[in-house]
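Visitor: How does the following fold in three dimensions:
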Amino acid sequence: MPAKHSAIPNHRPVSQRGAALMVMLVIIIIGITVLLVNSLTASKVNTARQATTAASLAQAKDALIGYAITYGDTHTDVHGYLPCPDLNGNAGVSHEGSTELTCGTKNVNNLGRLPWKTLNLPVLRDGNGECLWYAVSGTYKYNPSTDMMNWDTAAQLLTYAPDGTQLSSEVVAVVFSSGPALTGQDRTAAATAPQCGGNYTASNYLDNDTVHVINNTNIAIGKFIQGISDNSKVNDQMLFITKQELWDAVQKRSDFQAKMAQLTNEVTKCIAKYGTTNDVGNNYSLPWPAPVDLGAIANYAVNAKYDDSSNLYAGRAPYTVNQSRVDSGNARQTLMTTYDCGPSWTSLIPWWNNWKDHLYYALAQEFRPQHDTNQNCGTCLKINGSGHYAGVVMFAGPKLSGQTRSSKSALADYLETPNNTNFSGANGNENYKTAPASGTFNDMLYCIKEDLSVIPCP
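Guide: Below is the predicted model:
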């Protein structure tokens, strides 16, 4: 009987096994390639979205700054104001993207959609197709406007980095990209937003960072945090405008310095006119200044608080001059009105109303309010050690290094040495300084001569 043999496995040839491995390798490579391509494509898409978002935010920021620095050209007012947001499409389809005529109460922040139409922009969208949102400091919105608009006007908004680090405490406006909707955000279309789509409920777009306790919809608090574009909790992107950026842009206007010089010149002429139109014959008495310290911060916006004070030789440019009337016999009771200053004053009234806290006035002893006539200088005010001047008006330029402007009564925060030190104990024969504007000196001075004519101080 033949011997039995064990079964031997039917191995495939080596060449077949190699081919199978190659096929598997190709499949793996194809899979990796597909994943890589998809990843690169997603990365490209995300990069493109971020680029669109960044471009839209930048365009909105530029337009808002442009609006602020030309506000005085398009309104009977001064530069610096920003528009209200679009809060609800202005209750009409044709008004979508327009600023509200008024928003809230004075000095209260506002939040809504960017008023792209008012800014002469197209419908600005972020990389996810959403229209932009916009917050404005209550002190910089145009209506109702704050009491005084100038480069000392405080900003009320705060901005933070994603990790909670504060970026700036001097923010006048923030523009937002809301990113894609997060869980719980309902962006159902409203009839008042046919172009932007969606609705005007801020919480359906802007996010609440519970970790850092900053809710981007809480406009009353005015704190805003930058999100991360692909975050499932906070994905808001933002660009903001600081107070410094806005006023730097205003000062770059070729005519801004000229406007401040015109204001200072006309204020000086108005003070001099008090002496040239005295009811008492040849009495050339000039008015007393108003005190430097007007008390509460709100007082600095009120004309009547700029009230002259007897025997004060250096202070602020006065508006009411009742003490001077008593001391000199001049019947005039006010300055800085069209009646008092002449027709050229009309266009400067908004500038006086908003910048008067930057105007200071020093008086020579010989020209103080009195009943004497034919005043002339024996010892009068000097400029840079020479000349005989009846009075001098000083405009305080933007704050310099070391000046905080934390108090309007702190002369050293506004005028430079020796102009600021002369005010203490002034008796009408001080020596004031003028010089070209620089990093250490920017007071602008106009002088009243003995004949009461007005010149830029030499």
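
Visitor: Name the SS class of Tyr67, please.
Guide: Secondary structure, DSSP: H, G, I helix; E, B strand; the rest coil: Tyr67 is helix.

Visitor: Next, Arg239: secondary structure please.
Guide: Careful, residue 239 is Leu; it's not Arg. Quick answer, by three-state DSSP: Leu239 is strand.

Visitor: which residue packs closest to Val171, ignoring adjacent ones?
Guide: Excluding the flanking residues, the one nearest Val171 by Cβ to Cβ, 6 or more residues apart in numbering is Leu157, at 3.8 Å. Yep, even glycine has a C-beta here, placed from its N, CA and C like the rest.

Visitor: Surely that neighbour touches Phe224?
Guide: Yes - counting by Cβ atoms under 8 Å, Leu157 does reach Phe224; the two are 6.8 Å apart.

Visitor: Identify the contacts common to the two.
Guide: Ala135, Val174, Phe240 (Cβ atoms under 8 Å, 6 or more residues apart in numbering).

Visitor: By neighbours, which of those wins?
Guide: Within the shared contacts of Leu157 and Phe224, Ala135 tops the neighbour count with 28 neighbours, counted by other Cβ atoms under 10 Å.

Visitor: Which of the helices or strands spans that residue?
Guide: Element membership of Ala135, judged by DSSP states H and E, is strand 133-136.

Visitor: check contacts around Ala317.
Guide: Val267, Ile271, Pro289, Ala290, Tyr306, Leu335, Met336, Lys356, Leu359, Tyr360, Tyr361, Val393.

Visitor: one more time with 10 Å, if that's ok
Guide: By Cβ atoms under 10 Å, 6 or more residues apart in numbering, the residues touching Ala317 are 264, 267-268, 270-271, 287, 289-290, 306, 308, 335-336, 352, 356-361, 393-395.

Visitor: From Asn422, how far out is it?
Guide: For Ala317, the distance to Asn422 (Cβ to Cβ, to the nearest Å) stands at 16 Å.

Visitor: again with Arg405
Guide: Arg405 is 20 Å from Asn422, by Cβ to Cβ.

Visitor: So for these two, which sits in the more crowded spot?
Guide: Neighbour totals were compared for Arg405 and Asn422, and Asn422 leads with 20 against 14 (other Cβ under 10 Å).

Visitor: What separation do you get for the spatially most central residue of the chain and Leu82?
Guide: Residue closest to the average C-alpha location in the chain (Cα atoms, centre = their mean): Lys243, at 3.8 Å. Using Cβ to Cβ, Lys243 is found at 11 Å from Leu82.

Visitor: shared neighbours, these two?
Guide: Joint contacts of Lys243 and Leu82 (Cβ under 10 Å, 6+ apart) are Ser137, Thr139, Tyr140, Val172, Ala173.

Visitor: and these, which of them are in strands?
Guide: Among the shared contacts of Lys243 and Leu82, the residues falling in strands (DSSP state E) are Val172, Ala173.

Visitor: Looking at the shared contacts of Lys243 and Leu82, spot the one nearest Asp248.
Guide: Distance to Asp248, by Cβ to Cβ, is smallest for Val172 among the shared contacts of Lys243 and Leu82, at 12.2 Å.

Visitor: quick one: contacts for that closest one?
Guide: With Cβ under 10 Å, 6+ apart, Val172 has these contacts: 64-65, 68, 80-82, 135-137, 139-141, 153-157, 240-247.

Visitor: Buried by neighbour count, from those: which ones?
Guide: 64-65, 68, 80-82, 135-137, 139-141, 153, 155-157, 240-243, 245-247 (16 or more other Cβ atoms under 10 Å).

Visitor: Just put the shared contacts of Leu157 and Phe224 in TSV and tack on pLDDT and distance to Thr188.
Guide: Output for these, formatted as TSV (pLDDT from 0 to 100; distance: Cβ to Cβ, whole Å):
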residue	pLDDT	distance to Thr188
Ala135	98	23
Val174	98	25
Phe240	98	29
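
Visitor: what about Ala331, neighbour count?
Guide: 10.

Visitor: now do Ser406
Guide: Using other Cβ under 10 Å, Ser406 has 8 other residues around it.

Visitor: confidence score at it?
Guide: The model reports Ser406 with a pLDDT of 90.

Visitor: surely it meets Asp413?
Guide: Yes - look at Ser406 against Asp413 with Cβ atoms under 10 Å: they come within range, at 7.0 Å.

Visitor: what's the overlap in contacts for these two?
Guide: With Cβ under 10 Å, 6+ apart as the test, Ser406 and Asp413 both reach Asp152.

Visitor: What distance separates the opening and closing residues of stretch 422-436?
Guide: 20 Å (Cα to Cα, to the nearest Å).

Visitor: Same question for stretch 125-141.
Guide: 23 Å.

Visitor: Likewise for stretch 447-458?
Guide: 8 Å.

Visitor: what does stretch 142-162 give?
Guide: Stretch 142-162: ends 31 Å apart by Cα to Cα.

Visitor: Can you give me the buried ones in that stretch?
Guide: Those would be 142, 145-153, 155-160, for stretch 142-162 by 16+ other Cβ under 10 Å.

Visitor: before we move on, what about stretch 108-120?
Guide: Result for stretch 108-120 [16+ other Cβ under 10 Å]: buried residues Val108, Asn109, Asn110, Leu111, Gly112, Arg113, Leu114, Pro115, Trp116, Lys117, Thr118, Leu119.

Visitor: Please apply the same query to stretch 62-73.
Guide: Within stretch 62-73, the residues scored as buried using 16+ other Cβ under 10 Å are Ala63, Leu64, Ile65, Tyr67, Ala68, Ile69, Tyr71, Gly72.

Visitor: Just the CA trace of that stretch, in PDB.
Guide: Output of stretch 62-73 as PDB, limited to C-alpha atoms (Å, rounded to 0.1, in the frame of the first residue of the first chain):
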ATOM      1  CA  ASP A  62     -10.900 102.800   7.400                       C
ATOM      2  CA  ALA A  63     -14.400 104.000   6.500                       C
ATOM      3  CA  LEU A  64     -15.300 104.700  10.100                       C
ATOM      4  CA  ILE A  65     -12.100 106.700  10.700                       C
ATOM      5  CA  GLY A  66     -12.800 108.600   7.400                       C
ATOM      6  CA  TYR A  67     -16.300 109.400   8.700                       C
ATOM      7  CA  ALA A  68     -15.000 110.700  12.000                       C
ATOM      8  CA  ILE A  69     -12.200 112.900  10.500                       C
ATOM      9  CA  THR A  70     -14.600 114.500   8.000                       C
ATOM     10  CA  TYR A  71     -17.600 114.900  10.300                       C
ATOM     11  CA  GLY A  72     -17.200 118.600  10.700                       C
ATOM     12  CA  ASP A  73     -17.200 119.000   6.900                       C
END
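
Visitor: now the helices for the stretch 151-300 of the chain?
Guide: Here the stretch 151-300 of the chain has its helices, by DSSP state H, counting those that start in this stretch, at 243-251, 256-276.

Visitor: Show me what the first one is packed up against.
Guide: With contacts defined as 3 or more Cβ pairs under 10 Å, 6 or more residues apart in numbering; DSSP states H and E, the packing partners of helix 243-251 are helix 14-69, strand 166-177, helix 256-276.
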